[in-house]
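Trainee: Generate a structure from the sequence data that follows.
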Amino acid sequence: MKSNITEIKLRVNALLKELERLEASELENKEMFPLSELKPRVTRYVKDNDITIDTFCELAMISKTTLYAAFNSPGSTKRATIEAIISVFGSYRLYVGRVDAN
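Mentor: Residues are numbered from 1 along each chain as shown. Alright, predicted model coming up:
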């Protein structure tokens, strides 16, 4: 009986790891993201492209102070600033949608 439980635990752990991998992959491949994910997106972009925050700000043509203000309060950030930040990611566009929409 114990070997069956051990085997089941191993399978469950393997399934959990696979689910975590799929979840991470899904987050990376999302075509859209809420403004609340702005900081993690910028952080990941900087890390993935081996650049500094200063370089990112130069690419977005904004100051570091402006970037950090957008991180702290993305909902209060000017549209032009958000568009400058997301332009560094590539071909993104700013949309407005319902919070409860899927």
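
Trainee: Please make it C-alpha for all contacts and neighbour counts, starting now.
Mentor: Fine.

Trainee: Spatially nearest residue to residue 83 (excluding sequence neighbours)?
Mentor: Nearest residue to residue 83 in three dimensions, chain neighbours excluded: residue 94, at 6.8 Å (CA to CA, 6 or more residues apart in numbering).

Trainee: So that neighbour, which state does it fall into?
Mentor: Following DSSP: H, G, I helix; E, B strand; the rest coil, we place residue 94 in the coil state.

Trainee: Tell me, how many residues neighbour it?
Mentor: Neighbourhood size, residue 94 [other CA atoms under 10 Å]: 14.

Trainee: for it, phi and psi?
Mentor: Residue 94 adopts backbone torsions of phi -80, psi 130, taken as degrees, to the nearest 10.

Trainee: Could you verify my assumption that it touches residue 84?
Mentor: No: the criterion here is CA atoms under 8 Å, and residue 94 misses it with residue 84 at 10.4 Å.

Trainee: the domain parsing of this structure - what is it?
Mentor: Annotated domains of the chain cover 1-30, 32-102 [automatic domain parsing].
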